[in-house]
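Trainee: I'll drop the sequence and a predicted model, then ask my questions.
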Amino acid sequence: MAQFNNSLVLNERSQHLLKAMVECYIRDGEPVGSRTLSRESQLDLSPATIRNVMADLEELGLVFSPHTSAGRVPTVQGYRFFIDALLRPKQLGVTAIRELEIQFDVEAEPRALLTTASHLLSEISRFAGVVMLPRRECRALRQVEFLPLSENRVLAILVLNEQEVQNRIIHPGRSYSPAELQQAANYLNAMFKGKDLHAVRSRLLAEMGEVREDMDRIMQTALEIAKQAFIPGEETEDCVVAGQTNLLDYLDLSDKECLRLLFDAFNEKQDILHLLDQCLNAGGIQIFIGEESGYQVFDNCSVVTARYGSSEGALGVLGVIGPTRMNYEQVISLVDATARLLGAALNSK
C-alpha cells in the first residue's frame, strides 16, 4: 500500500483505479466516468463498485466531480499522490537522447545553448520552456574592444571570464574616430582587466559623478563610451522563456484573467525566477502542482524543474510550465535529460 502525507493509506484496488483515472484524464481532458474507468482499468469490477471507490477517493480529497452527474477529475492532492506514489518515470531511450544531444552545438556560446534548451523543452512538451541563466559569483572583464559603425554607432565587444563574448551596439553622443576608440579601449583594459563587471560599472559611474578638471581627453572618451557598453543588459534578463503561447491551446487555462496574469508573469519573470531560485539548492526533479508553487499566477499550472550544472555545483535551473493536466512521465524524462545535456555542453567549454 502507498501512503500519502503519512496518514492516507490506499489499498491496491483504489491505487489502480486512481492511476487509471488520472492517466485517462491527462490523455482525454474530460471527466472520467465509471464505465470508461471500468474499461480502462482492465479490472473485473462493475461500474457500481467503481463508483463506490471513486466516492471514497472524493471523500479523501483526491478527486472531484466538476458537474453533477459528470465523471471525476483529479484534485491537486490527487495529482500529488499519483506523482509521489504511482508514477514510475522512465529515462529517455538512447535514440531520443541522441536526437536531443545533436541539438546542442558544443561550439555555440552559452547564451545560445540556453536558448536551445528552452526551445527544446517547449517544442517537445508543447508547453512553455524556461531556463534560468547561470548564476555566477563573478563576471570578470577580460578585454573590451570598440569598433566604429555607421551613424555614430559603436560596436562594443566584451570578453568576460574565460570565453564568454558579448557584443553590444551603443549610441554615444558624438562620432569617435577609430584612434579614439582604440585609446579608450586601451585605457579601460589597463584599468579594469580582471575586475568584476559590476565593480567596473560602479567605478565608472562614480568617476562620471565627479567633476574633474584634470580629466584628460582619453579618460573622458573612455567614460562616455563605457557608460553605455557596461550597462548590465543581458544580465538583468535572468531567464529564457520559449513557447508560452502553447498554453493557449489548453482548456484548463481558458480563463481570460488567469491568462492575463500568467502572461504578465512571463513578461516580468520575477515570479518565475523566484520559483526557480527555490529549486537551485534542491537535487533531482522538483514538481509544483497548482497552488503548491505558492504563487497565485501558477494555481492552474504545474511546474517541473531540474538543476543543470557540473560536478562542482549547480549553475541554474530549467523546466517546463504547463497545465496541471500534463503528461508527467514524459515531461519529467524530458526535463531530466535536457538538464544533463545542457550541463554537459556548458562544461565542455
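Mentor: Received the coordinates, thanks.
Trainee: now do the helices in the protein.
Mentor: 12-28, 34-41, 47-59, 76-81, 94-101, 110-125, 178-192, 197-209, 217-229, 256-268, 270-279, 328-347 (DSSP state H).
Trainee: any chance of these in TSV, plus distance to Val317 and mean neighbour count?
Mentor: Using the backbone N, CA and C atoms, a C-beta is placed for each residue, glycine as well. Shown next, in TSV, are the helices of the chain (distance: least, C-beta to C-beta, whole Å; neighbours: other C-beta atoms under 10 Å):
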stretch	distance to Val317	mean neighbour count
helix 12-28	24	19
helix 34-41	35	18
helix 47-59	33	16
helix 76-81	21	22
helix 94-101	18	13
helix 110-125	11	21
helix 178-192	31	17
helix 197-209	22	15
helix 217-229	30	19
helix 256-268	16	14
helix 270-279	4	18
helix 328-347	8	21
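Trainee: could you export these to JSON lines, including columns for mean pLDDT and distance to Tyr295?
Mentor: Formatted as JSON lines, these follow (pLDDT from 0 to 100; distance: least, C-beta to C-beta, whole Å):
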{"stretch": "helix 12-28", "mean pLDDT": "94", "distance to Tyr295": "23"}
{"stretch": "helix 34-41", "mean pLDDT": "88", "distance to Tyr295": "33"}
{"stretch": "helix 47-59", "mean pLDDT": "93", "distance to Tyr295": "27"}
{"stretch": "helix 76-81", "mean pLDDT": "96", "distance to Tyr295": "14"}
{"stretch": "helix 94-101", "mean pLDDT": "92", "distance to Tyr295": "29"}
{"stretch": "helix 110-125", "mean pLDDT": "94", "distance to Tyr295": "20"}
{"stretch": "helix 178-192", "mean pLDDT": "87", "distance to Tyr295": "39"}
{"stretch": "helix 197-209", "mean pLDDT": "71", "distance to Tyr295": "28"}
{"stretch": "helix 217-229", "mean pLDDT": "72", "distance to Tyr295": "35"}
{"stretch": "helix 256-268", "mean pLDDT": "83", "distance to Tyr295": "8"}
{"stretch": "helix 270-279", "mean pLDDT": "86", "distance to Tyr295": "5"}
{"stretch": "helix 328-347", "mean pLDDT": "94", "distance to Tyr295": "19"}
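Trainee: now tabulate the ones you listed in a markdown table and tack on distance to Gln286.
Mentor: Below are these laid out as a markdown table (distance: least, C-beta to C-beta, whole Å):
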| stretch | distance to Gln286 |
| --- | --- |
| helix 12-28 | 20 |
| helix 34-41 | 30 |
| helix 47-59 | 26 |
| helix 76-81 | 13 |
| helix 94-101 | 20 |
| helix 110-125 | 15 |
| helix 178-192 | 39 |
| helix 197-209 | 29 |
| helix 217-229 | 38 |
| helix 256-268 | 18 |
| helix 270-279 | 5 |
| helix 328-347 | 9 |
